[in-house]
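Enquirer: sequence plus the predicted model coming up.
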Amino acid sequence: MNKQVRFWLLTVATLLALGLTLSLGRWQLSRAAQKELLQAQIEASEKLPALDGAQLLASPEPLSLLHRPVHLQGQWLADKTVYLDNRPMQAKVGFYVFTPLKIAGTQQAVLVQRGWLPRNFNQRNQLPPLATRSGVIEVTGLLAPAPAKLLELGSGEQGAIRQNLDLAAYSEEIGQALLPLTLVQTGAASEGLLRDWPQSSAGIDKHYGYAIQWFALAALISILYVWFQIVRKFFKPKNS
């Protein structure tokens, strides 16, 4: 292959690589813009007036109410409490505690993410103490999707301690109708539970980070091409 053919092949390959990396960088910027809009919508929803149980149940599309504040009255179904393992808070690993709340005056319940408890690493099957009030109680929080799933080996788990929780399957398991979302309880620590929840995030920074990486790669390709195909030709080795 002569030098001219190699030069044009390298030039075409460089242009294709630049086109690809720049396109991917611009796509990540567009995704970041979409996520910024989503983040603005989440923050706006969190500032709306709190819904009560009747308003929540009256919605034909409960998932459209995600991130709305709610104030509910109901009773804990304490014997249905589930502890999701390997959930961190304040740089410690423990459990996210979920208990269904049967909404007052109805047969419907919503799964409440009540807070966080530390786990006993010496006796991994031992449940931490949890205070659960009986009778009608009031719970304030934000509507949220189903709990995030972690990597799980094998089939779905049973029992109080689990890795993941599928709302539909759990509703069928306990024989209780559950809304297709959860309630993240807010407020100060109580009942032995911490509630230092991470702020709702649409993942904007991740897309900006990816965009910077793609643009940096495009810049590197350009520099290498200019150096090896143009600049270096002006430097000739000195005769000894």
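Expert: Cool, the structure landed. Residues are numbered from 1 along each chain as shown.

Enquirer: what are the phi and psi values at N120?
Expert: Note on N120: backbone dihedrals following degrees, to the nearest 10 are phi -90, psi 110.

Enquirer: give the next helix or strand downstream of whichever helix or strand S45 is part of.
Expert: In this assignment (DSSP states H and E), S45 forms part of helix 3-46. Scanning forward in sequence from helix 3-46 by DSSP H and E, the next helix or strand is helix 53-58.

Enquirer: distance between that next one and the chain's centre?
Expert: Mean-position distance between helix 53-58 and its chain equals 26 Å (CA atoms, centre = their mean, to the nearest Å).

Enquirer: need the CA coordinates for it. CSV is fine.
Expert: C-alpha atoms of helix 53-58 as CSV (Å, rounded to 0.1, in the frame of the first residue of the first chain):
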residue,chain,number,x,y,z
GLY,A,53,-56.4,9.0,50.7
ALA,A,54,-59.6,9.8,48.9
GLN,A,55,-57.7,11.9,46.3
LEU,A,56,-55.0,9.3,45.8
LEU,A,57,-57.5,6.4,45.3
ALA,A,58,-59.7,8.6,43.0
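
Enquirer: who's in contact with that helix?
Expert: Residues outside helix 53-58 that contact it (CB atoms under 8 Å, 6 or more residues apart in numbering) are 62, 65, 70, 72-74, 103-106, 108, 110, 143, 179. Bear in mind the C-beta positions are built from the backbone N, C-alpha and C, glycine included.

Enquirer: which one of the residues you listed has the most neighbours?
Expert: V110 (26 neighbours; other CB atoms under 10 Å).

Enquirer: tell me what it is bridged to.
Expert: Beta-bridge pairing of V110 under DSSP bridges involves L101.

Enquirer: picking that back up, which of the contacts of helix 53-58 fall in strands?
Expert: 70, 72-74, 103, 110, 143, 179 (DSSP state E).

Enquirer: quick one: the contacts of helix 53-58 as a markdown table, columns for distance to E173 too.
Expert: What follows is the contacts of helix 53-58, written out as a markdown table (distance: CB to CB, whole Å):
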| residue | distance to E173 |
| --- | --- |
| P62 | 20 |
| L65 | 25 |
| V70 | 25 |
| L72 | 23 |
| Q73 | 25 |
| G74 | 20 |
| I103 | 20 |
| A104 | 24 |
| G105 | 25 |
| T106 | 20 |
| Q108 | 17 |
| V110 | 16 |
| L143 | 22 |
| L179 | 16 |
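
Enquirer: need the residues you listed in a markdown table (columns: pLDDT and distance to G53).
Expert: Supplementary listing: the contacts of helix 53-58 in a markdown table, determined by pLDDT from 0 to 100; distance: CB to CB, whole Å:
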| residue | pLDDT | distance to G53 |
| --- | --- | --- |
| P62 | 91 | 12 |
| L65 | 94 | 12 |
| V70 | 96 | 8 |
| L72 | 96 | 5 |
| Q73 | 96 | 6 |
| G74 | 96 | 7 |
| I103 | 96 | 4 |
| A104 | 94 | 6 |
| G105 | 92 | 7 |
| T106 | 93 | 7 |
| Q108 | 95 | 8 |
| V110 | 97 | 9 |
| L143 | 96 | 12 |
| L179 | 96 | 11 |
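
Enquirer: for H67, helix, strand, or coil?
Expert: coil (DSSP: H, G, I helix; E, B strand; the rest coil).

Enquirer: can you pull the contacts of the closest residue to it other than its chain neighbours?
Expert: The shortest distance from H67 to any non-neighbouring residue, by CB to CB, 6 or more residues apart in numbering, is to S45 (4.0 Å). Listed by CB under 8 Å, 6+ apart, the contact set of S45 reads 66-68.

Enquirer: and if you look at F95?
Expert: Per CB under 8 Å, 6+ apart, neighbours of F95: 83-85, 87, 116-119, 128, 161.
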